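Peer 1: Generate coordinates for the sequence data below:
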Amino acid sequence: MGFLSKLQAIFQSDRVDLNERFELLRRAISGTMSKFYMARDRKTGEIVGLKIADKDKVAAFEARFKGLNKPPEGEIAMQMKHPRIVETREYGISTEDVPFLVMEYLDGPGLQFLLKRHDPMIEGHRAELVRQMAEALAYVHEKGFIHRDVCPRNFIYLPKTQSLKLIDFGLTVPATPPFMQPGNRTGTPLYMSPEVVRRRATDQRLDIFSFGVSAYQVCTYELPWPIADATGKAALAHDTQPPTDILKYRPTLHRKLAKAIMKCIEPDRNNRPQTMTQFLTMIRDVKSDDE
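Peer 2: Below is the predicted model of the structure:
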């Protein structure tokens with residue numbers, strides 16, 4: 001066997017046959033660049049969350065950062081060890097050349113699903129849910145990353161503990177100058193900050209804007225701007241029209257919480273809370289949803 005053949009054999013030996021390793025029990029969520037499954041790990045017998053990426057979509061996204069040494073999603077996700085963030089236990093490449101992640105299985109609905117239903121599980125817990133979202137994002141920022149896709153779809157609600165966990169680091173990048181240059185217009189349009197929509201330079205404060213829109217929705221079931229469509233066109237209003245005051249939709253909302261959320265969705269990032277820790281300080285005394 002020649003050197004190249006030996007090298008290829010070693011490389012292939014590290015790959016995982018997903019059909020052999022996992023029993024797929026249920027498809028849970030479809031993302032923009034991947035599919036999520038509830039699966040049984042035949043090696044351990046444990047029920048896990050299995051994320052299988054779309055190889056072509058991931059390659060197209062990663063190509064934007066050619067030459068920048070961007071860490072893969074799995075490497076980023078493995079660094080996140082926090083009670084408000086899904087635990088990633090393993091990542092790799094399958095025998096079919098497809099990236100995959102093995103995570104703890106989260107037995108609960110997405111926050112977006114609850115909001116669409118006006119689910120009673122949210123009632124009386126809004127302030128605490130917003131706080132938990134902020135804690136998760138503060139940790140991501142402390143680890144030196146920008147999530148870039150903060151929205152209710154990427155939080156899973158766990159009914160047993162009445163708590164949330166942040167998921168999906170598929171669009172996450174390091175918070176360093178090479179990754180904050182103008183032009184990276186990725187994310188979910190209705191939650192995009194103006195600097196992303198306008199293809200300007202970015203930093204972690206783009207996440208603070210997206211968080212603010214998400215928190216606004218948790219508190220009101222509404223979005224701050226009228227929705228003409230769900231594309232980037234709707235996001236153009238984020239710096240051309242003032243948002244609806246959150247108290248119009250929920251007049252009884254705790255004033256400190258209302259003020260902090262509205263600050264997060266300021267079009268000028270210099271007028272937002274400058275860190276998620278600052279936001280948490282702003283709502284430190286908020287003990288209930290309403291005053």
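Peer 1: Which stretches in the stretch 51-200 of the chain count as helices?
Peer 2: Counting by DSSP state H, counting those that start in this stretch, the segments of the stretch 51-200 of the chain that form helices are 55-62, 73-78, 111-117, 126-142, 194-197.
Peer 1: From the contact counts, what lies against the shortest one?
Peer 2: Contacting helix 194-197 under the criterion 3 or more C-beta pairs under 8 Å, 6 or more residues apart in numbering; DSSP states H and E are the following elements: helix 205-220. Where C-beta positions appear, they are placed from N, C-alpha and C, glycine not excepted.
Peer 1: now the helix it packs on and helix 126-142, what's the angle there?
Peer 2: 170 degrees (axes from the mean of the first three to the mean of the last three C-alpha atoms, to 10 degrees).
Peer 1: From the contact counts, what lies against helix 205-220?
Peer 2: Here helix 205-220 touches helix 111-117, helix 126-142, helix 194-197, helix 246-249, helix 255-264, helix 276-282, going by 3+ C-beta pairs under 8 Å, 6+ apart.
Peer 1: go with 7 Å
Peer 2: Judged by 3 or more C-beta pairs under 7 Å, 6 or more residues apart in numbering; DSSP states H and E, helix 205-220 is in contact with helix 126-142, helix 246-249, helix 255-264.
Peer 1: how about the longest one as CSV, C-alpha atoms only?
Peer 2: If I follow you right, that is helix 126-142. Extracted C-alpha coordinates of helix 126-142, given in CSV (Å, rounded to 0.1, in the frame of the first residue of the first chain):
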residue,chain,number,x,y,z
ARG,A,126,-41.7,35.8,30.4
ALA,A,127,-39.2,37.7,32.5
GLU,A,128,-37.4,34.5,33.5
LEU,A,129,-37.3,33.2,30.0
VAL,A,130,-35.9,36.5,28.7
ARG,A,131,-33.3,36.3,31.5
GLN,A,132,-32.3,32.8,30.5
MET,A,133,-32.0,33.7,26.9
ALA,A,134,-29.7,36.6,27.9
GLU,A,135,-27.6,34.3,30.1
ALA,A,136,-27.0,31.9,27.3
LEU,A,137,-26.0,34.6,24.9
ALA,A,138,-23.8,36.4,27.4
TYR,A,139,-21.8,33.1,27.8
VAL,A,140,-21.4,32.7,24.0
HIS,A,141,-20.0,36.3,23.9
GLU,A,142,-17.7,35.6,26.8
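Peer 1: Now it: buried residues?
Peer 2: 126-141 (16 or more other C-beta atoms under 10 Å).
Peer 1: which two in those residues are spaced the farthest apart?
Peer 2: 126 and 141 (22.6 Å; C-beta to C-beta).
Peer 1: I'd say residue 262 and residue 246 touch.
Peer 2: Yes - using C-beta atoms under 7 Å, residue 262 makes contact with residue 246 at a distance of 5.9 Å.
Peer 1: Looking at these two, which one has more neighbours?
Peer 2: Remark: of residue 262 and residue 246, residue 246 carries more neighbours, 23 against 19, as counted by other C-beta atoms under 10 Å.
Peer 1: Quick one: neighbours of the residue lying closest to the more buried one once chain neighbours are set aside, just the number.
Peer 2: Of all residues not flanking residue 246 in the chain, residue 258 sits nearest, at 5.0 Å (C-beta to C-beta, 6 or more residues apart in numbering). If you count neighbours by other C-beta under 10 Å, residue 258 ends up with 22.
Peer 1: do residue 193 as well
Peer 2: Neighbour number of residue 193 under other C-beta under 10 Å is 28.
Peer 1: Residue 34 versus that one, what's the distance?
Peer 2: To residue 34, residue 193 is 24 Å away according to C-beta to C-beta, to the nearest Å.
Peer 1: tell me the mean pLDDT over stretch 215-227?
Peer 2: Averaging pLDDT along stretch 215-227 gives 94.
Peer 1: what domains does the record give for this protein?
Peer 2: Domain ranges of the chain: 16-104, 111-282, per automatic domain parsing.
Peer 1: Would you format those as TSV with distance to residue 288 included?
Peer 2: Formatted as TSV, the domains of the chain follow (distance: least, C-beta to C-beta, whole Å):
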stretch	distance to residue 288
domain 16-104	20
domain 111-282	6
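Peer 1: Check those domains for me and report the most buried one.
Peer 2: domain 111-282 (a mean of 19; mean count of other C-beta atoms under 10 Å).
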